[in-house]
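> Have a look at this prediction, sequence included:
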Amino acid sequence: GQAERYGTDSGFVGRGYVILAASSADEREAHERIEMQRATGLDASWLDADDVRRRIPAMAGGSGFRGGSYVATDGWIDPPRNVRAYSLAMQRSGVELRERVSFTGLRTRAGRGGRRVVTGVETSAGTIATSRVLLTGGPAMQAVAKAAGARAWVGYARHQVVVTEASDELQADTSAMAFDISAGLYWRPEEGGFLWGMSNPGEEPGPGRSIDWAHLKTMQRRLHRLAPATKELGIKKAWAATIEYTPDHLPLTGPLVTRDGAEVEGAWIAGACGHGMMWGPAVSRIATDLMLEGSTGVVEHAERFRMDRFDAQGRSPFLDPVALPFPVKVDE
């Protein structure tokens, strides 16, 4: 494990994760999701409203939900601790991190059948010779792909996070995490209070670093209805940042495909696209497997995550229904 190898870990807290159902349609989808999760070996179950309140005491007396799907082994990590763990892993693996260096393009040569072959990476600090490159970029993924001659259907928008004051009523030491999927609102224990986050599908895509107080207050009222123990708690801290997404809410991973539909030999792309640590480690493993082995055992159909699954209008044959409600539009 991480702790044995690096002396620290990502701070995973496995207290369970409830995806709430606010309507009969949500409930039907929850039971379908539970069936799918059980088929993959997860011990998923349905909790009625009272069971949810027992797992998350702050929701005692709350309304607006019928129950939810639940996996006891799910949870969350400590982000600063996770960054530290990853930094140590990179250092001990001999990874050289070049901060404040921009990716500007790929250097390629002609290969068989007219295919381009990677020979280097162009950066603001010069060229790095290599025969293999994995392109990432988070909210800047679209710009990274464009610099490499490709089109990535990745948008970006504001995401807001709040941490409340601490309160014994929340029972933060035992509470599970919850996701109000119909509103795109989630919360979990943090520093004796609750951390809750949200995205607004109604706003225009684009970078977001300022707080939208009006939307935050709307979501706060919803949280108060669902978890009454949060009503009297002040906001200890709040922040906004930019998060990326794809139109079908699925990640990107696979070979780099240029605008004319050609794969670039030696180039791959990878992005969790809004799913963060839920998808991040798996996306990294899939991308690494494809680069080094040409196949992966992490998922059955890795080709569904290719960047060329989208048509000229950004439409995909797939959709992940368990995602934050990002804007539908993806700007160039």
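Nice, thanks for sending it over. Numbering: from 1, shown residues only.
> so where do the helices sit in the stretch 101-250 of the chain?
For the stretch 101-250 of the chain, the helices defined by DSSP state H, counting those that start in this stretch occupy 141-147, 213-226.
> and the gap between the residue positioned nearest the centre of the chain and residue 154?
With distances taken as CA atoms, centre = their mean, residue 275 lies nearest the centre of the chain, 1.3 Å away. Residue 275 sits 13 Å away from residue 154, going by CB to CB, to the nearest Å. No exception for glycine: its C-beta is placed from N, CA and C like everyone else's.
> so where do the strands sit in the chain?
With DSSP state E as the criterion, the chain has strands at 17-21, 44-48, 67-71, 103-110, 116-123, 126-129, 133-135, 155-164, 177-180, 185-190, 193-199, 235-245, 252-257, 263-271.
> chain center to the last one: distance?
What that stands for is strand 263-271. 20 Å (CA atoms, centre = their mean, to the nearest Å).
> For the remainder of this discussion, apply numbering that starts at 311.
Right, with 311 as the first residue, what we last looked at is strand 573-581.
> Out of the helices of the stretch 411-560 of the chain, which gets nearest to residue 490?
helix 523-536 (6.4 Å; CB to CB).
> Please name the nearest non-neighbouring residue to residue 590.
Leaving aside its sequence neighbours, residue 590 sits nearest to residue 582 (CB to CB, 6 or more residues apart in numbering; 4.5 Å).
> Residue 560 is in contact with the one you found, correct?
No - Residue 582 lies out of contact with residue 560 (CB atoms under 8 Å); the separation is 9.8 Å.
> Kindly state the pLDDT recorded for residue 456?
pLDDT, residue 456: 97.
> could you list every residue that touches it?
For residue 456, the contact set (CB atoms under 8 Å, 6 or more residues apart in numbering) comprises residue 462.
> same thing with residue 379?
By CB under 8 Å, 6+ apart, the neighbours of residue 379 are 328-329, 331, 340-341, 343-344, 347, 354-357.
> what about it, distance to residue 532?
Residue 379 is 19 Å from residue 532, by CB to CB.
> that older thread, looking at the strands of the chain, which is closest to residue 603?
Here strand 573-581 is closest among the strands of the chain (CB to CB), at 12.1 Å.
> Identify all contacting residues around stretch 619-639.
Contacts for stretch 619-639 (CB under 8 Å, 6+ apart): 329, 339, 343, 463, 465, 467, 469, 491, 493-494, 508-509, 511-515, 553, 555-560, 584-585, 614, 640.
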